[in-house]
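Student: sequence unavailable; structure follows:
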């Protein structure tokens, strides 16, 4: 018996031009990876008893993950909207903005607001659906922002806004 999971809230359909190109490139490479995995899976299946064949079991699991990602990309890519125009009000935060924040201790943080399909914490890209981005959107330089985090509320001051 499966456990009921409510449907996920729909993600925003917006993406930057670079993000869209990255997803299209991922789709191409994942198809190549799938062909390679199928070839290895066929060789593992030919070895005999599949119930005790670790290579076969591992490759089937890997193939399921690849197929899940391909299915997601095939459904998601046609619905995405490229939002890359630089707004007229460059002193206000919109999609695609690089925002520099200063927290209560004086530490500076720099984030870029992007679509949910391209967020990357290593590049300081945050999703426009995240609590941080929702608190920042349509704010101006020198505005104070309070963000609710699991550790409690955190206060930031907006010090810089860039559109590159």
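Tutor: The structure has been received and is ready for your questions. Every value quoted in this text rests on a predicted model; they were computed, and no experiment measured them.
Student: every contact and neighbour count from this point should use C-alpha atoms.
Tutor: Fine.
Student: which one's the longest helix in the protein?
Tutor: The longest helix of the chain (DSSP state H) is helix 17-45.
Student: next secondary structure element downstream of that one?
Tutor: helix 54-76 (DSSP states H and E).
Student: any idea which helix or strand comes after that next one?
Tutor: Following helix 54-76 in sequence, per DSSP H and E, is strand 81-82.
Student: next helix or strand past that following strand?
Tutor: strand 98-103.
Student: quick check: what element follows that next one along the chain?
Tutor: strand 108-114.
Student: which residues does the helix or strand just after that following strand contact?
Tutor: Going down the chain from strand 108-114, the next helix or strand is strand 125-127, by DSSP H and E. With contact meaning CA atoms under 8 Å, 6 or more residues apart in numbering, strand 125-127 is reached by 111, 112, 113, 114, 115, 116, 117, 118, 119, 120, 132, 133.
Student: in strand 125-127, what counts as buried?
Tutor: 125, 126, 127 (16 or more other CA atoms under 10 Å).
Student: next: stretch 49-59.
Tutor: By 16+ other CA under 10 Å, the buried positions in stretch 49-59 come out as 55, 56, 57, 59.
Student: show me what counts as buried in the top strand by length along the chain.
Tutor: Criterion DSSP state E: the longest strand present in the chain is strand 152-162. For strand 152-162, a neighbour-count test (16+ other CA under 10 Å) marks 156, 157, 158, 159, 160, 161 as buried.
Student: do you know the pLDDT at residue 113?
Tutor: We have a pLDDT of 94 for residue 113.
Student: that one: how many residues sit nearby?
Tutor: Each residue near residue 113 was counted by other CA atoms under 10 Å, and the total is 28.
Student: which one is residue 94 nearest to, not counting chain neighbours?
Tutor: The shortest distance from residue 94 to any non-neighbouring residue, by CA to CA, 6 or more residues apart in numbering, is to residue 137 (5.6 Å).
Student: all set, thanks.
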